[in-house]
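Asker: Just a sequence and a predicted model for now, questions to come.
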Amino acid sequence: MDYSILMSVYYKEKPEYLKEAIESMLNQTVKSNDFVIVCDGPLTKELYEVIDFYEKDESNCIHRVQLKENMGLGKALNIGLENCKNELVARMDSDDISVNNRIELQLKEFEKNSELVLCGTNISEFYESIDNTIGSRNVPSEYAKIIKFSKKRNPFNHPSVMFKKNIVKKVGSYSERYHLFEDYYLWVRILKNNFYVKNNSKELVKMRTSPDLYARRGGVAYAKDMMRFHKWMLREKWINKKHFLFCALPHAIVCVIPNCFRRIIYNILH
């Protein structure tokens, strides 16, 4: 089964991280014939050198899309999606590392069930060295459990997903209507349309993170964005008032408490 890889890069990325991310996808046990890299605005000389190096080898099938200005992840991915030539698209972030059989295992899921439109995986989180694992993000693998989980938390790890392009476009693709929740918003729209989805229970992507991640997932602005999104789910009757009161509101409170307390809660949940 042919598939495209969709990656977006912007100028703040570190060249060595981008190199590792690209290598991890080029070294998959099932190779892609279409690797779309969206340059979300002008990049640094060092980042362009990394892309140039891999683009020179035609067997890597790299298709570069250059945007004149930084447009944000959602818009950049939508433009990249339009340039993907295959129906199956594998997302990959520019600083993470995919296990070498990630794609093979995801393709097997699509081969087993023609109704499947989206397949994610569990991920592990590491700091500095790939051997320094500091956490993991496990999500349900079964459809019914994914539905239930989605009413409380994001049911897919975005850098790990593989999806059918026509379905994503059918539900409206990525949207920046809810800042920082672009992927979660997309998944719920897919679920609302009763499309079949699943997660592979293995940790097939290693996500680069930092010890202060809890600090970046807080603040008044983040809490407001999160509440706006949950209010949409409430209006759409994807969640009920009980979900809103006992999931969304406590989460918003955690976002605005001092970092020292949020760190404790984050460590407990991870």
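Answerer: Everything's here; your move.
Asker: How many neighbouring residues does Asn33 have?
Answerer: 12 (other Cβ atoms under 10 Å). Glycine gets a C-beta too; all of them are placed from N, C-alpha and C.
Asker: how far away is it from Ser59?
Answerer: Relative to Ser59, Asn33 is positioned 10 Å away (Cβ to Cβ, to the nearest Å).
Asker: Mutual contacts of those two, please.
Answerer: With contacts defined as Cβ atoms under 8 Å, 6 or more residues apart in numbering, no residue is shared by Asn33 and Ser59.
Asker: what about Ala2, neighbour count?
Answerer: To be clear, residue 2 is Asp; Ala isn't right here. 13.
Asker: which ones are touching it?
Answerer: So Asp2 contacts 32-34, 86, 88 (Cβ under 8 Å, 6+ apart).
Asker: Reformat these as JSON lines; add pLDDT and secondary structure.
Answerer: JSON lines is the format used below for the contacts of Asp2 (pLDDT from 0 to 100; DSSP: H, G, I helix; E, B strand; the rest coil):
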{"residue": "Ser32", "pLDDT": "98", "secondary structure": "coil"}
{"residue": "Asn33", "pLDDT": "98", "secondary structure": "coil"}
{"residue": "Asp34", "pLDDT": "98", "secondary structure": "coil"}
{"residue": "Asn86", "pLDDT": "98", "secondary structure": "coil"}
{"residue": "Leu88", "pLDDT": "98", "secondary structure": "strand"}
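Asker: now these: which count as buried?
Answerer: Using 16 or more other Cβ atoms under 10 Å as the burial test, the contacts of Asp2 include 32, 34, 86, 88 as buried.
Asker: which SSE is the closest residue to the second one other than its chain neighbours in?
Answerer: Meaning Asp34. Excluding the flanking residues, the one nearest Asp34 by Cβ to Cβ, 6 or more residues apart in numbering is Ser4, at 4.1 Å. According to DSSP states H and E, Ser4 maps onto strand 3-9.
Asker: tell me what that strand is packed against?
Answerer: helix 15-26, strand 35-39, helix 73-83, strand 88-91 (3 or more Cβ pairs under 8 Å, 6 or more residues apart in numbering; DSSP states H and E).
Asker: chain center to the last one: distance?
Answerer: If you compare the mean C-alpha spot of strand 88-91 with that of the full chain, they lie 11 Å apart, counting by Cα atoms, centre = their mean, to the nearest Å.
Asker: can I get the CA coordinates of stretch 62-77 in PDB?
Answerer: Below are the C-alpha coordinates for stretch 62-77, written out as PDB (Å, rounded to 0.1, in the frame of the first residue of the first chain):
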ATOM      1  CA  ILE A  62      11.000  14.300  -0.900                       C
ATOM      2  CA  HIS A  63       8.500  16.900  -2.100                       C
ATOM      3  CA  ARG A  64       9.200  20.300  -0.600                       C
ATOM      4  CA  VAL A  65       6.400  22.800  -0.300                       C
ATOM      5  CA  GLN A  66       7.700  26.300   0.600                       C
ATOM      6  CA  LEU A  67       5.300  28.800   2.200                       C
ATOM      7  CA  LYS A  68       6.100  32.500   1.900                       C
ATOM      8  CA  GLU A  69       5.200  33.200   5.600                       C
ATOM      9  CA  ASN A  70       4.600  31.300   8.800                       C
ATOM     10  CA  MET A  71       0.900  30.200   8.700                       C
ATOM     11  CA  GLY A  72       0.700  27.900  11.700                       C
ATOM     12  CA  LEU A  73       0.600  24.200  11.900                       C
ATOM     13  CA  GLY A  74      -3.100  23.700  10.900                       C
ATOM     14  CA  LYS A  75      -2.900  25.700   7.700                       C
ATOM     15  CA  ALA A  76       0.600  24.300   6.800                       C
ATOM     16  CA  LEU A  77      -0.700  20.800   7.200                       C
END
